[in-house]
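[1] What follows is a predicted structure for the sequence shown.
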Amino acid sequence: MSESTPNLVTSGLSRTVSRDGVTVEVNIFRLESETEWTLEVVNQARTSIVWDDPFENDDLALAAFQAAVDEEGMTSFLDSATVIPFPSR
């Protein structure tokens, strides 16, 4: 007998957020069989940033996103924020 693929539960707190000219998708989800939530932010280039640690509930996941924006700004989710350019010769 083969195991079935678990269903993904998406939080009603998932949303699109635009601020300072940057738009991201905030995805909060969990497996149907699990109780902890995962936070993923997807930028306009479709790059996915996923928090390492799960959250006890979806409210805490959204609060973590909001704290990241307050501390680091929306530009921290842009690809250019994580790319270190090498000097040209």
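    Yes, it's here. Numbers count the residues shown, from 1 in each chain.

[2] so how many other residues sit close to Ala68?
    17 (other CB atoms under 10 Å). Every residue, glycine included, has its C-beta placed from N, CA and C.

[3] quick one: it from Val9, how far?
    23 Å (CB to CB, to the nearest Å).

[4] what is the mean pLDDT for the strand or helix carrying Asp59?
    Assigned by DSSP states H and E, Asp59 falls within helix 58-72. Averaged across helix 58-72, pLDDT comes to 97.

[5] other SSEs contacting that helix?
    Helix 58-72 makes packing contacts with strand 15-19, strand 22-31, strand 38-42 when contacts are defined by 3 or more CB pairs under 8 Å, 6 or more residues apart in numbering; DSSP states H and E.

[6] Can you give the distance of that helix from its chain's centre?
    For helix 58-72, the separation from the chain centroid amounts to 10 Å (computed by CA atoms, centre = their mean, to the nearest Å).

[7] Please list all residues in contact with Val26.
    13-17, 39-41, 62, 65 (CB atoms under 8 Å, 6 or more residues apart in numbering).

[8] can you check Asp20 too?
    Shown in contact with Asp20 (CB under 8 Å, 6+ apart): 73-75.

[9] Show me which of the residues you listed are buried.
    By neighbour count, with 16 or more other CB atoms under 10 Å, those hold Met74 as buried.

[10] nearest to Arg30, of the contacts of Asp20?
    Met74 (25.0 Å; CB to CB).

[11] nearest residue to that closest one other than its sequence neighbours?
    For Met74, ignoring the flanking residues on the chain, the nearest one in space by CB to CB, 6 or more residues apart in numbering is Val22 at 3.9 Å.

[12] What's opposite that neighbour in the beta bridge?
    Val22 has the following beta-bridge partners by DSSP bridges: Arg19.

[13] wait, it sits on Thr75?
    Yes. If you go by CB atoms under 8 Å, Val22 and Thr75 touch, sitting 6.1 Å apart.

[14] Now stretch 36-47 - C-alpha only, CSV.
    The C-alpha atoms that make up stretch 36-47 are tabulated as CSV, following Å, rounded to 0.1, in the frame of the first residue of the first chain:
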residue,chain,number,x,y,z
GLU,A,36,3.1,23.9,13.6
TRP,A,37,3.1,26.5,10.8
THR,A,38,5.7,27.4,8.2
LEU,A,39,6.3,31.0,7.0
GLU,A,40,7.4,31.6,3.5
VAL,A,41,7.9,35.0,1.7
VAL,A,42,8.1,35.0,-2.1
ASN,A,43,9.4,38.1,-3.8
GLN,A,44,8.6,39.5,-7.3
ALA,A,45,11.4,37.4,-8.8
ARG,A,46,9.7,34.3,-7.4
THR,A,47,12.6,33.7,-4.9
